[in-house]
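> the following comprises the amino acid sequence and a computationally predicted model.
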Amino acid sequence: MPSLTSPVYAQLVKALQKQKAVVSVVESCCGGTISASIMAQAGSSRVYWGGSVAYNTAKAKPFLLNDETLHQTLLHPPKAVLPNKNDGTNRSTKSSSSEKDAYIQSKVHWTRETALAFCRETGTDFCIAEAGAAGPTFRPADLHTGFAVVAVAARNPSTGAVELVQQQIVESASADRQGNMRWFADQAAALALTAVLQLHGSDTEDPPLPLSLPPLAAADSAKLNVPLLDRATHMRTDSVALAALAPAALYLVLHKNLALFGNVPDSGTSNGNNSVSQDRRLAFLPLDQVERVCATTGAKKQTTFLGLLDGQQAVFGVDLLLQDNESATTIQQAIHNVQQGNDFEDRVTVFQDTRTVAPLLSPATADNELVLHATALAQWQRRAPFCPACGGATTLLDGGTSRKCTACSQQSWPRQDPSMIAVVSSRDGQRVLLARSKRHPERMHTALAGFVEAGETMERAVAREVYEETGIRIDLDSVNYVATQPWPFPQSTMIGFTVTADETQPLNIDMNELVSAEWFDRAQVQVATTVPGAVMQHEVAAAAIAANPRLELLIPPKGVLARTLLETWLRK
């Protein structure tokens, strides 16, 4: 049985008490875990009015307000667009007809309608509705891991109208039933707490705790079917084998710092929050389309072997080089032209900045690793055409992954420069120092970063960079390693740390490096984690601010190391 409650419920109950608000609950696959978690908190009787568990919709009319209209609506859901997943993105079912997606759609409808109905009929300020599949057995044939849809309806304190204020798809990495029930219930509490913050202001004490996915059970790893990238280094020197792979390979298309992405929905609003919908995946082209695009545009192609997906499907990166300064629009139009009349599911493609879009790629694919791998090699190929030893011209070898000098025969490979990135916390853990550079959108702040110098330790590099950019002396014994991330813009490996410092020190900002730097408290950072999309793009950031002018802070999206560091800090 799942544990009875968790810390996020203490925060939710405390927030409801502070606002003198009450909540009702209707749940399905969580089986009462949400209600039990609320009731386990001291003082819950002042905020919890009751709940219902409706496990089988066809038989559950008495548990669904005994409302015939609601019951029939739930039994016959319309087609819908899937709302936010727990990674902050949106999903459109426009081109998908899988049994899994249809099942998820039905739960999107179920939670929306029940949340609204229960909030209205019970007279509560909030209602949490949850439905999904926890595992280990699943009805849809193409569903192998758990998911839940959580919706939160709320009564507008000004008008009294009941509205859907939050809805989110929560996806697990496993089919562990008990673990998923606890995980889904905790996500429901976090979403409800976010709704309280948004509706009643961000002065609520103790911002929501960031939640991590439950550990992936070894028995479930095979069920995920996540493609693994084998870089197949043993094949790079075999030009005959690479030539044999080329005709049936997939091609990842690059142009300058842009990559070709597919499945790009129209911008719009979601759940009344006016957040820009963005879902990204890489778009791959077959060889014949690449060659037709080159013939149409006059682009030269530089092809690089990236590896094998699941040991079978060959993938190459192709960097399209145009003469003069023609824009990516020329290539993009040519791609659209050659795709007309083909049966490919994802014909809607667009070039996007890899730096800001790569973090939005799904961790259930190898797309992020592929696009960073391809970008790193393409950057190096463009920037280092000459021998580092004698300056002679070089030729590419080994599938585009090394160079050989035509004069001295020295061979060279791409380099990655070590860089540090650090989240600086106040000693009491309640505030964090973040900075905004010239390239960042309004209100976008992130961790401090910089290159490691020759002969310098990582710890000393963190101390030096923080001091040079902000004038803050860190506590040297507080430097804790968290994680790394390749960052080929142009050739870095980011090594991430959390550190502490005395926040009473005066800030002395290097205006050549930064626009601003300041200390933010936990509530400001936690509210910033609820903003979805590629907010490092200026237009997405502007849309988020227009939707919520009171938003004080934007931070990088999930998938960026700076975000990982911030969530690590929040968990502490």
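Cool, the structure landed. Quantities reported herein were computed from a predicted structural model and do not represent experimental measurements.
> tell me how far V240 lies from G399.
From V240 across to G399, the span is 12 Å (CB to CB, to the nearest Å). Glycine gets a C-beta too; all of them are placed from N, C-alpha and C.
> pick out whichever of these two has more residues nearby.
Set side by side, V240 and G399 show more neighbours around G399, with 24 against 7, by other CB atoms under 10 Å.
> wait, isn't the more buried one in contact with M235?
Yes - G399 lies in contact with M235 (CB atoms under 8 Å); the separation is 7.5 Å.
> joint contacts of the two?
With contacts defined as CB atoms under 8 Å, 6 or more residues apart in numbering, the residues shared by G399 and M235 are 242, 305.
> and M39, how many neighbours?
Counted with other CB under 10 Å, M39 comes out at 17.
> hang on, I meant D417
The burial count for D417: 11, using other CB under 10 Å.
> kindly report the same for S3.
Look at S3: counted by other CB under 10 Å, it has 14 neighbours.
> contacting residues for it?
S3 neighbours (CB under 8 Å, 6+ apart): R182.
> secondary structure class of it, three-state.
Secondary structure, DSSP: H, G, I helix; E, B strand; the rest coil: S3 is coil.
> need phi/psi at it.
Torsion angles at S3 (phi, psi; degrees, to the nearest 10) stand at phi -60, psi 150.
> measure the closest residue to R120 other than its chain neighbours to A154 for me?
Distances taken as CB to CB, 6 or more residues apart in numbering place V162 nearest to R120, at 4.9 Å, with adjacent residues excluded. Applying CB to CB, the value for V162 to A154 is 7 Å.
> so between those two, which is more surrounded?
Neighbour tally, V162 and A154, criterion other CB under 10 Å: the higher count belongs to A154, 26 against 22.
> ok but Q379 is inside a strand, no?
No - using three-state DSSP, the secondary structure at Q379 is helix, not a strand.
> quick one: residues contacting it.
Q379 neighbours (CB under 8 Å, 6+ apart): 488-491.
> sorry, back to before: just list whatever residues bridge to the residue nearest to R120.
On the basis of DSSP bridges, V162 is bridged to R155.
> how about V515, phi and psi?
phi -90, psi -40.
> kindly reformat the contacts of Q379 as TSV containing distance to I335.
TSV is the format used below for those (distance: CB to CB, whole Å):
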residue	distance to I335
P488	23
F489	24
P490	25
Q491	28
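> closest to E456 among the residues you listed?
Nearest to E456 among the contacts of Q379, counting by CB to CB, is Q491 at 17.9 Å.
> isn't that closest one right next to P418, touching?
No - the criterion here is CB under 8 Å, and Q491 misses it with P418 at 10.5 Å.
> now stretch 108-117: average pLDDT?
Per-region confidence: stretch 108-117 scores 91 on mean pLDDT.
> tell me who's in contact with the closest residue in space to V515 that isn't next to it in sequence.
Setting aside the residues directly before and after it, V515 is nearest to R436 in space (CB to CB, 6+ apart), at 4.8 Å. The neighbours of R436, taking CB under 8 Å, 6+ apart as the test, are 443-446, 514-517.
> pop out the phi and psi values for R436.
phi -120, psi 130.
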